[in-house]
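Asks: got a predicted structure plus its sequence, pasted below:
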Amino acid sequence: MRPVLYDLFGIPISSFGIFLLLAFFIAIAITQREARTRLGLDANQVLDLSLYAIIAGIITGRFGYVLINLGQFLTDPMKMLTIWRDGGLVFYGALLGALWLARAFAHRWNVSFGALLDAYAPGMVVGYGIAMVGALLHGLFAGRATGVPWAVELFLERRHPAQVYLLVACVAILGILRAQRHRSLASGTLFVLALCLLSAARFVVDFFVDAPMLVRFLTAGQIASAAVVVITAVALVRLQQLAPPVEPDPIAEVPA
């Protein structure tokens, strides 16, 4: 565990902050390639959207984190701004801000909003996984105390490596997305599928996370994740109905 990697002119730079930047950098690079292939967008267009989306996502993600942890900020409101110290962001809050901006850019560029989201899906999953490495180093999203052989030591206790569980889930989700690349899918399907699987993984992994229960045995993260799973599952059914029909294989239709 190493929450602070180094001091920059007296400002502590968190390990989560560094890996979050790395996650953004790699996710943007992946999206630039995907957007060029799918939509014909150049790298600068994707970079512009991504940078603005990052800013919007950080603002809305931080706002969500502050709301959930309001008690710790009431005594010192300035801590709301020191994100580099605690790395506090809510993924779904950040996602809402980024989606709002992506929709505006899709309208401006006259491209399909769903296709634009599909271009971002692989990068989002990869970035999420990389961010989990920073979360592990920083001690965020800490698991419950356990005696399993693969436990990691955090806060002087052996705990479930919940961050690693999510990292492994991201690798599996990326494989699932790649398997869908050559299927005939409605625009937006890849992104919705990625979000559904990420939310399902988060719901399961939260059973191993040391977090307060909000409703009986469910955490706030699980309730939010369950809601997203339901919404995205319904959306996937709807998108499946909108998928273009598969053209019959003329060779297969030739009688023997």
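Replies: Arrived safely.
Asks: mind listing what's buried along stretch 153-164?
Replies: Within stretch 153-164, the residues that qualify as buried by neighbour count (16 or more other Cβ atoms under 10 Å) are 154, 159-164. Backbone N, C-alpha and C define where each C-beta goes, glycine included.
Asks: typed the wrong thing, it's stretch 42-60
Replies: 45-46, 49-50, 52-54, 56-58, 60.
Asks: mean pLDDT per helix and strand in the chain: which one sits at the bottom?
Replies: When each helix and strand of the chain is scored by mean pLDDT, DSSP states H and E, helix 83-86 comes last, with a mean of 58.
Asks: any chance you could map the helices in the chain?
Replies: Under the criterion DSSP state H, the chain carries helices at the ranges 15-39, 43-68, 70-74, 83-86, 91-109, 113-138, 162-179, 189-205, 220-242.
Asks: so how far is the fifth one off the chain centroid?
Replies: In other words, helix 91-109. On the basis of Cα atoms, centre = their mean, to the nearest Å, helix 91-109 is displaced by 14 Å from the centre of the chain it belongs to.
Asks: any idea of the angle it forms with helix 43-68?
Replies: Following axes from the mean of the first three to the mean of the last three Cα atoms, to 10 degrees, one obtains 150 degrees for the angle between helix 91-109 and helix 43-68.
Asks: name the helices or strands packed onto helix 91-109?
Replies: When contacts are defined as 3 or more Cβ pairs under 8 Å, 6 or more residues apart in numbering; DSSP states H and E, helix 91-109 packs onto helix 43-68, helix 113-138.
Asks: nearest to residue 211, of these?
Replies: Nearest to residue 211, of all those, is helix 43-68, at 10.5 Å by Cβ to Cβ.
Asks: average pLDDT for the closest one, rounded please.
Replies: When the per-residue pLDDT values of helix 43-68 are averaged, the result is 87.
Asks: one more: stretch 155-174?
Replies: Across stretch 155-174, the average pLDDT comes to 96.
Asks: again with stretch 99-116
Replies: When pLDDT is averaged along stretch 99-116, the result is 94.
Asks: output it as PDB, nothing but the C-alphas.
Replies: Extracted in PDB, the C-alpha atoms of stretch 99-116 (Å, rounded to 0.1, in the frame of the first residue of the first chain):
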ATOM      1  CA  LEU A  99     -22.400  10.800 -21.300                       C
ATOM      2  CA  TRP A 100     -24.100  14.200 -21.300                       C
ATOM      3  CA  LEU A 101     -21.100  15.800 -23.000                       C
ATOM      4  CA  ALA A 102     -20.700  12.900 -25.500                       C
ATOM      5  CA  ARG A 103     -24.300  13.300 -26.600                       C
ATOM      6  CA  ALA A 104     -23.700  17.000 -27.200                       C
ATOM      7  CA  PHE A 105     -20.600  16.300 -29.300                       C
ATOM      8  CA  ALA A 106     -22.400  13.500 -31.300                       C
ATOM      9  CA  HIS A 107     -25.100  16.000 -32.200                       C
ATOM     10  CA  ARG A 108     -22.400  18.600 -33.200                       C
ATOM     11  CA  TRP A 109     -20.500  16.200 -35.400                       C
ATOM     12  CA  ASN A 110     -23.700  14.700 -36.800                       C
ATOM     13  CA  VAL A 111     -22.700  11.100 -35.900                       C
ATOM     14  CA  SER A 112     -24.700   8.300 -34.100                       C
ATOM     15  CA  PHE A 113     -24.600   8.800 -30.400                       C
ATOM     16  CA  GLY A 114     -24.800   5.000 -29.900                       C
ATOM     17  CA  ALA A 115     -21.900   4.400 -32.300                       C
ATOM     18  CA  LEU A 116     -19.800   7.000 -30.600                       C
END
